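1. any chance you can model this:
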Amino acid sequence: MENDKLKLTSSEIGTLWGEYVNGTMAEIVNRYMISILEDESIKKVFQIAIEIWEKQKQQIVTFMEKDGFPVPIGFTESDLNQNAERLFSDTFCLNYLHIMTIHGLLGHTTALSVSVRKDIREFYNACDNDAKRMYDLTIELLLKKGIFQRDPYFYPNENPEFISTKDFIDGYFGKGRRLSSSEIISISLNIKKGILAKALSIGFSQVTESKEVRKFLEELDKTADENLQALSKILQKDNLPVPMSLESEVTTSKDSPFSEKLMLYHVGFLVQTAQVYYGTGLAGAMRTDIAVAYEKAVLKALGITKNWFDIMVKNKWLEQPPLAPNRKELARDK
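-> You can find the predicted model right below:
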């Protein structure tokens, strides 16, 4: 069948819908950040990110409208206070764009893996290439400015080795062992992502006018701190460096740049993506203390997500994605 006659599958419309909502959220944040940036080199990278999204946004709208699906509202001008005081430093903004680019890389790859139509696959391939470009731009700029936090260095062994004892999985009893390079991948990334999410939550809690949202953000900040301490302790036990906090990159402003809806949605997005990364870390953990740390983090994230969902629904801030048809209801309407 010709490509233009194929209808969007549930997976394809689901990924397009999610890309639009999350993309419009990031667009609003990026537009605010570019308005407060002082460093021209960082501002240039943000401008490229905004232009890339505008191109992707128009393509998503075309796909959805062609198949008769309503385009979600997502986030608009009403969610941005362009004249708000500066809430974040240039360093925070660049780190924010880098971490969000990593989220984009994962999202585009997942979307591509469930797409069937050729034009949709070509779209996500292009999105993936754009995300790779942004990853290169952000990491090169972080390195140039000397603010990129590298993962710990290892010294090479003379020869390959095999696991020779059951103590390899023991992180609490017996002799234990040093961290493996494969375990550090997820520990380091989860710490960096957690540091950004914690700093963002602190900034949002300063400017929100809603007591309910502020209480949620304070609880989220506490949980994020507990998770960061648990993972950092694992690195410190092996005398490995822990990434630096970004909390000092949040100003003392109490002037909100964003709507309550956007701020709460954003932290919810980070909590939900964190569950994916925690799960990946858990699957690759070969030491019991690491596995336990991830299990606790996942359980805490599930509780936070439930509270987040309740507040979003209560305030009518959460858009409903396309649903499967209700066959029983259709039959009753005949």
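
2. now do the end-to-end distance for stretch 148-160.
-> Using Cα to Cα, to the nearest Å, one end of stretch 148-160 lies 31 Å from the other.

3. need the three-state assignment for Gln206.
-> When classified by DSSP: H, G, I helix; E, B strand; the rest coil, Gln206 comes out as helix.

4. how near is the nearest residue to Tyr294 once chain neighbours are set aside to Leu299?
-> Once flanking residues are discounted, Tyr294 sits nearest to Leu282: 3.9 Å by Cβ to Cβ, 6 or more residues apart in numbering. (Each C-beta comes from the backbone N, C-alpha and C, glycine too.) Leu282 is 11 Å from Leu299, where distance means Cβ to Cβ, to the nearest Å.

5. next, the distance between the ends of stretch 159-177.
-> Start-to-end, stretch 159-177 (Cα to Cα) is 18 Å.

6. in terms of secondary structure, what does the helix or strand Ile13 falls within contact?
-> Using DSSP states H and E, Ile13 falls within helix 10-36. Secondary-structure packing of helix 10-36 (3 or more Cβ pairs under 8 Å, 6 or more residues apart in numbering; DSSP states H and E): helix 40-66, helix 90-113, helix 118-144, helix 260-284.

7. of Leu282 and Leu299, which one has the most company?
-> Shown here are Leu282 and Leu299; by other Cβ atoms under 10 Å, Leu282 has more neighbours (17 against 12).

8. give me the pLDDT for the more buried one.
-> Per-residue pLDDT puts Leu282 at 92.

9. give the buried residues for the helix holding Ile13.
-> 12-13, 15-34, 36 (16 or more other Cβ atoms under 10 Å).

10. can you pull the contacts of Ile73?
-> Listed by Cβ atoms under 8 Å, 6 or more residues apart in numbering, the contact set of Ile73 reads Glu319.

11. for Leu80, grab phi and psi.
-> phi -120, psi 130 (degrees, to the nearest 10).

12. just to check, it is in contact with Glu27?
-> No - counting by Cβ atoms under 8 Å, Leu80 stays clear of Glu27, with 9.3 Å between them.

13. quick one: residues contacting the residue nearest to Tyr294.
-> Taking Cβ under 8 Å, 6+ apart, one finds 291, 294-295, 298 in contact with Leu282.

14. which among those end up buried?
-> If we count by 16+ other Cβ under 10 Å, the contacts of Leu282 have these buried: 291, 294, 298.

15. any idea how far the closest residue to the first one other than its chain neighbours lies from Leu189?
-> This points to Ala291. Spatial nearest neighbour of Ala291, chain neighbours left out: Ala285 (4.4 Å); criterion: Cβ to Cβ, 6+ apart. Per Cβ to Cβ, Ala285 is found 14 Å from Leu189.

16. need the contact list for Lys198.
-> Applying Cβ under 8 Å, 6+ apart, the residues contacting Lys198 are 221, 224-225, 228, 245-247.

17. ok, Lys132 next?
-> Contacts of Lys132 (Cβ under 8 Å, 6+ apart): Leu105.

18. contacts only, for Phe269.
-> 22, 25.

19. please apply the same query to Gln236.
-> Val242.

20. and it, its phi and psi?
-> Reported as degrees, to the nearest 10, the phi and psi values for Gln236 are phi -60, psi -30.

21. just the pLDDT for it.
-> With respect to pLDDT, Gln236 scores 92.

22. may I see the helices and strands packed on helix 10-36 organised as TSV, with distance to Asn307 added?
-> As requested, the helices and strands packed on helix 10-36 are exported to TSV (distance: least, Cβ to Cβ, whole Å):
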stretch	distance to Asn307
helix 40-66	30
helix 90-113	22
helix 118-144	31
helix 260-284	10
